[in-house]
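Asker: coords please:
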Amino acid sequence: MAPPKPSSEKERGDTATAVVAYALGAVTVGALMLAKALRKKLKRRRRVLGVLPARYQSSRFPGKPLMPILGKAMILRTYEQACKATTLDAVVVATDDERIAEVCRAAGAQVVMTNPDCPNGTERCEEAVSKLGKQYDLVVNIQGDEPLIEPECIDAVVRALQESPDAVYSTACTPLAHAEVPLRQRVKCVTDVNGYAIYFSRGVLPYNKDGEIREYPTPWHDRPYLLHLGLQCYDRSFLRQYCKMPATPLQMMEDLEQLKILENGYRMKVVVVDHSAHGVDLPEDVASIEAVMRQHGLQ
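Answerer: A predicted model of the protein is given here:
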């Protein structure tokens, strides 16, 4: 049965007032809910920890973190660069060796001692953040053998994950010269059109039916091959989970940690940065690093 019609001007006025009040109330509730959602979004993943995993033993380069770069230990050079990143709330060195810890503490760096049996830098990061006992939303794994890492690269990786709520991991790539694409020590990456990682490989990636290193076809001819950099940012909750996940076939086949994330169906955001990738893999790399530093007037 239809509701009775208002019988007087007053009743019609009361009805209109009630409708307006209801509409205003709904708008107010909606505005409050939107404001709450925005505040939550702004707070999401804002507390960020930078971790420099540093182990002394290395089959190819024992004691690498303490190798002097223009008179200062390489780990300290990298630590100083990391501390310039504006997105990091704290930076720590995670090591298993007292010699590294002593040098870092003497320079004022915060140190967390970790298990010598950590199989990789990711698990060393997880152990370090767990031992700190503080709440962080994101954890950045900063390779200790990149003494020229730009703070801007660190900030770019952090912001990429902060702005991608559907991703649990972000990383950086930089354009790779064609001459270096075949090198197995250069890890390559391909992404989808939205900048999410599809695959990583030590082989030529992407490949083509002719087996040649060449430009992408038109209209993508200016798209570069991508070199994966050892700079990784994890959602804190995911990092804890990742370290408990069993190894996966492609991860073991390529010997690349990040493939385990993709094989388990998680999304990984990739940011392309301009970085010369001056890392130190072998003792002979030190001379080229020092030459670059002198060229730019760095001390």
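Asker: which SS state does the residue most central in space within the chain fall under?
Answerer: The centroid of the chain falls nearest to C233 when counting by C-alpha atoms, centre = their mean (2.3 Å). Assigned state for C233: strand (three-state reduction, DSSP: H, G, I helix; E, B strand; the rest coil).
Asker: beta partners of it?
Answerer: Note on C233: beta-bridge partners by DSSP bridges are V140, S170.
Asker: mind checking how far it is from Y169?
Answerer: Distance of C233 to Y169, given as C-beta to C-beta, to the nearest Å: 7 Å. Yep, even glycine has a C-beta here, placed from its N, CA and C like the rest.
Asker: what's R46 in contact with, if anything?
Answerer: 137, 162 (C-beta atoms under 8 Å, 6 or more residues apart in numbering).
Asker: Against C118, how distant is it?
Answerer: For R46 relative to C118 (C-beta to C-beta), the value is 27 Å.
Asker: same question, K134
Answerer: In this view, K134 and C118 are 20 Å apart by C-beta to C-beta.
Asker: same check, this time on Q135
Answerer: For Q135 relative to C118 (C-beta to C-beta), the value is 22 Å.
Asker: more neighbours, these two?
Answerer: C118 (19 against 9; other C-beta atoms under 10 Å).
Asker: sec struct for the more buried one, please.
Answerer: Following three-state DSSP, we place C118 in the coil state.
Asker: Quick check: closest non-adjacent residue to it.
Answerer: Distances taken as C-beta to C-beta, 6 or more residues apart in numbering put R124 closest to C118, at 4.3 Å, once the chain neighbours are dropped.
Asker: residue contacts, the one you found?
Answerer: R124 sits next to 51, 53, 55, 94, 96, 114-115, 118 when contact means C-beta under 8 Å, 6+ apart.
Asker: so which pair among these is furthest apart in space?
Answerer: Spanning the widest gap among these are V51 and N115, at 14.4 Å by C-beta to C-beta.
Asker: Can you pick out the residue with more neighbours from the two?
Answerer: V51 (30 against 10).
Asker: Would you map the helices across this structure?
Answerer: For the chain, the helices defined by DSSP state H cover 9-43, 74-82, 98-106, 121-132, 151-162, 236-242, 249-254, 259-263, 285-295.
Asker: any idea of the mean pLDDT in the longest one?
Answerer: Per-residue confidence for helix 9-43 averages out to 58 on the pLDDT scale.
Asker: Next one, pLDDT for the residue nearest to C118 please.
Answerer: Per-residue confidence at R124 stands at 90 (pLDDT).
Asker: With the one 5 residues further on instead?
Answerer: Here, the pLDDT recorded for V129 equals 93.
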